[in-house]
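> Please work out how this folds:
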Amino acid sequence: MSSYEFRIDPFDGNPRKFFRKWIEQLNLSMNAEVIPLSDKNKVGELLFHLKGIAYHSAMLLPNIETITFAELVKHLEKTYPTLTAKRHAQQELHKCYQKKNENVFDFSTRISEAVYCAMDGDALNSIEERLKEEFVNRLLPKLHLHIELLQPLTFKEAVSLSIRYEHYCSQKKLTKKAKRTKERKCAECGNSNHPTKFCRHRKRRKLSELQQPGNDSPNQHPEAFINVTNTSTKTLRKPRVIFDYNSPPTHREEIDPTGDTHPRLNFFPALECPFQWYSEKSQTSTKFGNTQTVKVF
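Reported below is the predicted structural model:
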């Protein structure tokens, strides 16, 4: 048994496969041998690369012991005509479109195989013209419009222009992504993990400005929301919260939370301050629980 560098898949008689193209590949592999094969050895190579129905149909020939290579090839061509495979290739061509994540080069290889199989036996010029049209028409919509405006003359030119535009779109996308990442950086500390309004350095700076003399009034600052959650307040008649803005306190403010809504107060946002729950049930203020810290945001 002779050996060669590349491997040929066996022919099993599948009507969807082109026997003519398969036998051409087998001939190329046998001609690549250093020592030319005799006609009898070629018959042996052909039978060795047949399997299934194709092998059994060849072995049932009455003159299989004396048959020549050309006669065996002619018999197989009649048994497995190209017309059946050609019809199947035409059906596959109608379903051949560029996939969303498929690059241009891979699609050009796939569409060229489909066109050459569907037009097997036609003139080479007709195949090339049909290949260019099918390639352009079956590209992704955005790429199809761009290449159609350029009006390439050949299939090779259409593939080259498509690859160039694909590379341009890829670079443009990366540039936009880098620019968007740069714009999201915090203006306070330069970190890209958070926007400026959530920066801890900004909160500390504003807090230090608030604690300066003359800045102890909460009404000087914009409106903020505070998240107050305590189930014990539901049992109180008129609960209220007393906020201590400084320690020791220089200013105190009382508010009544209503239901599950968040109380609204005029105070600098993102400040952490202690608060206590008090009840108006008695004349003296009764403290419920330990002093807690709530974050204003």
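
> Share the number of residues neighbouring residue 156, please.
Per other Cβ atoms under 10 Å, the neighbour tally for residue 156 reads 13. C-beta: built from backbone N, CA, C; applies to glycine.

> repeat for residue 13
If we define neighbours as other Cβ under 10 Å, then residue 13 has 19 of them.

> Okay, and it sits in which element?
Counting by DSSP states H and E, no helix or strand carries residue 13.

> A helix includes residue 33, no?
No - counting by DSSP: H, G, I helix; E, B strand; the rest coil, residue 33 falls outside a helix, being coil.

> That one and residue 50, how far apart?
Residue 33 sits at a distance of 19 Å from residue 50 (criterion: Cβ to Cβ, to the nearest Å).

> neighbour count winner among these two?
Shown here are residue 33 and residue 50; by other Cβ under 10 Å, residue 50 has more neighbours (19 against 13).

> pretty sure that one is touching residue 44, no?
No - the pair residue 50 / residue 44 is not scored as a contact, 11.0 Å apart, by Cβ atoms under 8 Å.

> continuing past the helix or strand harbouring residue 72, what's the next helix or strand?
According to DSSP H and E, residue 72 maps onto helix 69-79. Sequence-wise, the next helix or strand downstream of helix 69-79 (DSSP H and E) is helix 82-94.

> Buried residues in the next helix-or-strand element following that next one, which are they?
Tracing the chain C-terminally past helix 82-94 and defining elements by DSSP H and E, one meets helix 104-118 next. By neighbour count on 16 or more other Cβ atoms under 10 Å, the buried set for helix 104-118 is 104, 107-108, 110-112, 114-118.

> Need the residues that contact the helix or strand encompassing residue 55.
Here residue 55 sits within helix 52-59, counting by DSSP H and E. Applying Cβ atoms under 8 Å, 6 or more residues apart in numbering, the contact partners of helix 52-59 are 11-13, 46-47, 50, 64, 72, 75-76, 79-80.

> Now list the buried members of those residues.
Applying 16+ other Cβ under 10 Å to the contacts of helix 52-59 flags 11, 13, 46-47, 50, 72, 76, 80 as buried.

> Output the residues you listed as JSON lines; include the columns distance to residue 39 and pLDDT.
Output for the buried ones among the contacts of helix 52-59, formatted as JSON lines (distance: Cβ to Cβ, whole Å; pLDDT from 0 to 100):
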{"residue": "11", "distance to residue 39": "19", "pLDDT": "83"}
{"residue": "13", "distance to residue 39": "23", "pLDDT": "78"}
{"residue": "46", "distance to residue 39": "11", "pLDDT": "87"}
{"residue": "47", "distance to residue 39": "13", "pLDDT": "89"}
{"residue": "50", "distance to residue 39": "17", "pLDDT": "88"}
{"residue": "72", "distance to residue 39": "10", "pLDDT": "88"}
{"residue": "76", "distance to residue 39": "16", "pLDDT": "84"}
{"residue": "80", "distance to residue 39": "22", "pLDDT": "75"}
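
> among these, which two are most distant?
The span of the buried ones among the contacts of helix 52-59, defined through Cβ to Cβ, is set by 47 and 80 at 15.2 Å.

> pLDDT-wise, which helix or strand of this structure ranks last?
strand 223-225 (a mean of 37; mean pLDDT, DSSP states H and E).

> so what does the longest helix anywhere in the chain touch, helix or strand wise?
Across the chain, the longest stretch assigned as helix under DSSP state H is helix 155-183. The criterion is 3 or more Cβ pairs under 8 Å, 6 or more residues apart in numbering; DSSP states H and E, and the helices and strands that helix 155-183 contacts are helix 104-118, helix 124-137, helix 141-150.

> Tell me which of the ones you listed lies nearest to residue 89.
With Cβ to Cβ as the yardstick, what comes closest out of the helices and strands packed on helix 155-183 is helix 104-118 (3.6 Å).

> Run through who's touching that closest one.
Counting by Cβ under 8 Å, 6+ apart, 18, 21, 85-86, 89-90, 92-93, 96, 98-99, 127, 130-131, 134-135, 138-139, 143, 155, 159, 162-163, 166 sit against helix 104-118.

> Cheers, nothing more for now.
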